[in-house]
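S.K.: fold the following for me, if possible:
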Amino acid sequence: MAKEVALELHYGARQAEGQVFLARDLAQRLPGTFEAMKRGELDPYRASKVADQTSVLSDEQAREVDARVAGKITTRDPTSVRRLVNRTVARVDPDGYARRCEERKRSRSVQLCHEDEGMATLYAYLPAEIAATIYARVDRVARGLRGNGEERTLDELRADVFSDLCLGVAGEVEPPRAEVFVYLDFLTWTGLRNEPAELAGHGPIPAQLAREIAANATIRRVITDPMTGTPIEVGRHRYRPPTATKELVQVRDRECRVPGCHRPVQACDLDHVEPWAQGGGTHSTNLCGLCCRDHRLKDEPGWQHRMTGTGVLEITTPAGRTYRSQPEPLTTAA
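M.R.: As a prediction, this is how the structure comes out:
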């Protein structure tokens, strides 16, 4: 059938196979996603994210994931759809997810690819918690070097810091400790259940791995209420304690709050939704994470931001359209 599709639609063989597999999954394994497409609420690209993430599941498990995400994916961008479905897969099939994580870990590697004009690319395929900690440390050191006449861009600084750390020439001063958050509910943390946890900026990780890395002084644990998903305790291992308000906003938001932007909140500005100069308070209900680009855009004529009492950020564009942003629950309620 794939060959017939390729000939009829002038597709390459792999593209045709992908379309046939997607059609099969929608018809047999993902009825909710298929119905959303038929109603015109979901495009094929976002539907393919659901099919891709559920491809490792049995038909029964795929249908359960499909039912759980029904009604939640039509208003999300493709990255958010993939993340939501991935989290749901980890909860529907926790044992399988943990097994697949272990299998992937055995494929870790470092590769060198020589490029043109005196450059090369160094690839490292690592466990997510290790890669996230390395990047956070490099980024924090690089940001600390800006200013005082420094002419290198942030990307150049990151590259130089990474090189110095790998080659052991970073100097005698201990670099600031990286902050990477892992979110797990109280019952999972205590071993009473095995709900997948979440590594900030990455996605779900198996419960046992979360318990192991939550005891690591380089990774901040956030313990959440198993019923509501709200934080009830934040680990105190860190180099320099931030203010409680900054910490709460970072834990809550995790990413830039503008829909479709997934820049980690640690690389964002904490913005006063109601400007400080206009009487806006410096507290968590008036602060949110915005990347530099969206922070600048907020101050352009015609753009308005408003935070509701329940923490929903409402963004009104110059065209008069209003979009709402609410952080994902830190963990899924029981």
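S.K.: only C-alpha atoms from now on, for both contacts and neighbour counts.
M.R.: Will do.
S.K.: the nearest residue to His272 once chain neighbours are set aside: how many residues sit nearby?
M.R.: In space, and not counting its chain neighbours, His272 is closest to Leu287: 4.8 Å by CA to CA, 6 or more residues apart in numbering. When neighbours are defined as other CA atoms under 10 Å, Leu287 has 26 of them.
S.K.: from the middle of its chain, how far away would stretch 71-91 be?
M.R.: On the basis of CA atoms, centre = their mean, to the nearest Å, stretch 71-91 sits 11 Å off its chain's mean C-alpha point.
S.K.: can you get me a residue count around Glu300?
M.R.: When neighbours are counted by other CA under 10 Å, Glu300 comes out with 12.
S.K.: ok, the most centrally placed residue in the chain - contacts?
M.R.: By CA atoms, centre = their mean, the chain has its centre lying nearest to Gly201, at 3.5 Å. The neighbours of Gly201, taking CA atoms under 8 Å, 6 or more residues apart in numbering as the test, are 132, 254-255, 264.
S.K.: so where do the strands sit in the stretch 151-300 of the chain?
M.R.: Assigned by DSSP state E, counting those that start in this stretch, the strands in the stretch 151-300 of the chain fall at 180-185, 197-199, 203-205, 219-224, 231-234, 269-272, 287-290.
S.K.: and those strands as CSV, adding distance to Glu4 and mean pLDDT?
M.R.: Formatted as CSV, these follow (distance: least, CA to CA, whole Å; pLDDT from 0 to 100):
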stretch, distance to Glu4, mean pLDDT
strand 180-185, 48, 80
strand 197-199, 43, 84
strand 203-205, 38, 85
strand 219-224, 52, 69
strand 231-234, 53, 58
strand 269-272, 52, 87
strand 287-290, 48, 89
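S.K.: these: which one's closest to Ser80?
M.R.: strand 203-205 (10.7 Å; CA to CA).
S.K.: what sits up against that closest one?
M.R.: Against strand 203-205 from outside (CA under 8 Å, 6+ apart): 83, 86-87, 90, 98, 101, 196-199.
S.K.: do stretch 307-320 as well
M.R.: Contacts for stretch 307-320 (CA under 8 Å, 6+ apart): 257-258, 273, 285-286, 301-306, 322-326.
S.K.: most neighbours among those residues, please name it.
M.R.: Top of the contacts of stretch 307-320 by neighbour count (other CA under 10 Å): Arg257, with 26 neighbours.
S.K.: from memory it sits against Leu287, does it?
M.R.: No. Between Arg257 and Leu287 there is no contact under CA atoms under 8 Å: 10.5 Å.
S.K.: my read: the residue nearest to His272 touches Asp269, true?
M.R.: No. Applying CA under 8 Å as the test, Leu287 and Asp269 come out as separate, 9.6 Å apart.
S.K.: which of the contacts of stretch 307-320 sits closest to Ala16?
M.R.: Val258 (35.1 Å).
S.K.: so how far is Val265 from that closest one?
M.R.: Distance of Val258 to Val265, given as CA to CA, to the nearest Å: 11 Å.
S.K.: common neighbours of the two, please.
M.R.: Joint contacts of Val258 and Val265 (CA under 8 Å, 6+ apart) are Leu290.
S.K.: okay, helices next: where are they in the stretch 151-300 of the chain?
M.R.: 154-167, 186-189, 207-214, 244-253, 292-298 (DSSP state H, counting those that start in this stretch).
S.K.: circling back: any chance of the contacts of strand 203-205 in CSV with distance to Thr245 and neighbour count as columns?
M.R.: Formatted as CSV, those follow (distance: CA to CA, whole Å; neighbours: other CA atoms under 10 Å):
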residue, distance to Thr245, neighbour count
Arg83, 27, 17
Asn86, 30, 21
Arg87, 28, 21
Ala90, 31, 21
Ala98, 34, 19
Cys101, 34, 16
Pro196, 27, 31
Ala197, 24, 28
Glu198, 22, 22
Leu199, 21, 23
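S.K.: taking those residues, tell me the two that lie furthest apart.
M.R.: Between all members of the contacts of strand 203-205, the farthest pair (by CA to CA) comes out as Arg83 and Ala98, at 16.7 Å.
S.K.: returning to what we had before: what's near enough to touch the residue nearest to His272?
M.R.: Contacts of Leu287 (CA under 8 Å, 6+ apart): 249, 270-273.
S.K.: can you do 10 Å?
M.R.: Counting by CA atoms under 10 Å, 6 or more residues apart in numbering, Leu287 makes contact with 245-246, 248-250, 253, 269-275, 280-281, 307, 311, 313.
S.K.: measure it to Val5 for me?
M.R.: Leu287 is 52 Å from Val5, by CA to CA.
S.K.: what do you get for Val85?
M.R.: 28 Å.
S.K.: those two - which one has more neighbours?
M.R.: The neighbour comparison of Val85 against Val5 (other CA under 10 Å) goes to Val85, with 23 against 17.
S.K.: quick one: what helix or strand has the more buried one in it?
M.R.: For Val85, the host element (DSSP states H and E) is helix 78-92.
S.K.: next structured bit after that helix?
M.R.: According to DSSP H and E, the helix or strand after helix 78-92 is helix 94-105.
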